[in-house]
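Participant: Dropping the sequence and predicted coords here.
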Amino acid sequence: MLILLFANGKSLAQNTNEIVRLKANEAKEMIDARKYDAGIKLLQEARKADPSDFKILYEMGLAYYLKKDFNTAILIFNQLIKMKDINADCYEMFGNILDDDNQSERALEMYYQGLKKFPKSGSLYFQIGNIYLSQKKYNEAVSVFESGIEAEPTYPMNYYRAAKLYCYSNEEVWGMIYGEIFLNLAKSNKYSAEISKLLYDTYLSEIKLTSDSTLTVSFSMEKPSAHSPNPYGTIIYEPTLEQALKGIKYIDLNTLNKVRTRFLEIYFAKKIDSQFPNVLFEYQNKVRQAGHLDAYNHWLLFKGNETMFAIWQAKNKEKWDSFTEWFNTNPIEINENNLFSRKRMSK
């Protein structure tokens, strides 16, 4: 009899879980269709069946947020963050709701509160940086984005923001590296085309070729100091790039491929990688060894000159197809031990 009772109890629990799952899924469909009240009603029913599932309460708060009922959404998320086994998304969404309700300081507090529980959450750093960015506190913003890179090096959006901030500063070198890492981590992200063009345009704006074959590059203004005894941009990146540019008469997609290939060859021939290890250049070298650097460089910068890219692609179809097949199965691998950060490279 005890065995039968236990079995029946287990079956009842399974049925309850199935009902909750079905109601929750149906509710999500309703919310996606902007039928918020119908979705909320289903979520309320699901919550009665399983009040311990924080995801149900999350979806309910999200529904109220989407229907612009910020007060109710805030009340629900206040309950949510007191529940067990929640994740970083709960703090991120709560902060987003507060920020959209013109409570940016409370939103910051919520994101930081979330970081205490989830210190490796790149998305929480991203949201904090966005608020500083909206307040035009650019130094604070970039510092937070870089902290987010170090906390969760595979989360792409902190690289995106850091790349833009640096490419529009006097320290473009960091934007070039962050931007390329972003593109490798988020190949089909909605911001990928923007960063591809930004990298191309930054090459064009910071490399000056004159008629008498002299050239200047300007990707960093940092000088040696107690804070930065080895300013990477001026002592490594710019001199290596200048050497790679010798003999180049103009800058376009095809010549940048040559320059980037030479840069990498010089970088490793001089064993700069042993003094300044860089996960991005190590990956570029892997691409080169696989025979795909030509295609990779054209892919990276294609938005800078789409017409030239289309011509190159048409002439190199086999090379392009081989690259994309290899590229999809050999992504860049970044972890806490090999991550790239400006702070590490500047020491």
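Facilitator: Happy to help now that I have it.
Participant: Please name the residues that touch the closest residue to L80 other than its chain neighbours.
Facilitator: Nearest non-adjacent residue to L80, counting by CB to CB, 6 or more residues apart in numbering: L57, 4.9 Å away. Any C-beta I mention is one placed from the backbone N, CA and C, and that applies to glycine too. L57 makes contact with R47, I76, Q79, L80, M83, according to CB atoms under 8 Å, 6 or more residues apart in numbering.
Participant: Next one: L57 from G95, what distance?
Facilitator: As for L57, its distance to G95 is 16 Å (criterion: CB to CB, to the nearest Å).
Participant: rewinding a little: can you say which helix or strand has the residue nearest to L80 in it?
Facilitator: Per DSSP states H and E: L57 is located in helix 54-66.
Participant: Beyond that helix, next helix or strand please.
Facilitator: Using DSSP H and E, the helix or strand that follows helix 54-66 towards the C-terminus is helix 70-80.
Participant: can you dump the C-alpha coordinates of that next one into CSV?
Facilitator: Taking C-alpha atoms only, helix 70-80 is exported to CSV below (Å, rounded to 0.1, in the frame of the first residue of the first chain):
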residue,chain,number,x,y,z
PHE,A,70,5.7,49.5,-14.2
ASN,A,71,4.3,49.7,-10.7
THR,A,72,2.9,46.2,-10.8
ALA,A,73,6.0,44.9,-12.5
ILE,A,74,8.2,46.4,-9.8
LEU,A,75,6.0,44.9,-7.1
ILE,A,76,6.4,41.5,-8.7
PHE,A,77,10.1,41.7,-9.1
ASN,A,78,10.5,42.8,-5.5
GLN,A,79,8.9,39.4,-4.6
LEU,A,80,11.0,37.6,-7.2
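Participant: What ranges does the stretch 1-150 of the chain have for its helices?
Facilitator: Under the criterion DSSP state H, counting those that start in this stretch, the stretch 1-150 of the chain contains helices at 2-32, 36-49, 54-66, 70-80, 88-100, 104-117, 122-134, 138-151.
Participant: Give the buried residues for the fifth one.
Facilitator: What that stands for is helix 88-100. Buried residues in helix 88-100, counted by 16 or more other CB atoms under 10 Å: A88, D89, C90, Y91, E92, M93, F94, G95, N96, I97, L98, D99.
Participant: Which strands or helices does it pack on?
Facilitator: If you count contacts as 3 or more CB pairs under 8 Å, 6 or more residues apart in numbering; DSSP states H and E, helix 88-100 packs onto helix 54-66, helix 70-80, helix 104-117, helix 122-134.
Participant: what distance separates that helix from the centre of its chain?
Facilitator: Relative to the centre of its chain, helix 88-100 is centred 18 Å away, using CA atoms, centre = their mean, to the nearest Å.
Participant: residues in contact with stretch 309-319?
Facilitator: L253, N254, H292, D294, A295, H298, F302, W320.
Participant: Distance from it to the middle of the chain?
Facilitator: That offset, for stretch 309-319, works out to 29 Å (CA atoms, centre = their mean).
Participant: Please enumerate the helices of the stretch 151-300 of the chain.
Facilitator: 157-167, 172-185, 192-206, 232, 238-244, 253-269, 272-275, 279-289, 293-301.
Participant: Tell me which helix or strand I334 sits in.
Facilitator: Going by DSSP H and E, I334 is not part of any helix or strand.
Participant: and the closest residue to it other than its chain neighbours, how far is that from N87?
Facilitator: In space, and not counting its chain neighbours, I334 is closest to P153: 4.6 Å by CB to CB, 6+ apart. Using CB to CB, one gets 19 Å for the distance from P153 to N87.
Participant: Mind checking which of those two has more residues around it?
Facilitator: P153 (23 against 14; other CB atoms under 10 Å).
Participant: Could you check how far the more buried one is from S147?
Facilitator: 11 Å.
Participant: What's the local residue count around N330?
Facilitator: Number of residues near N330 (other CB under 10 Å) recorded here: 13.
Participant: ok, it - contacts?
Facilitator: Taking CB under 8 Å, 6+ apart, we find N330 in contact with K286, A290.
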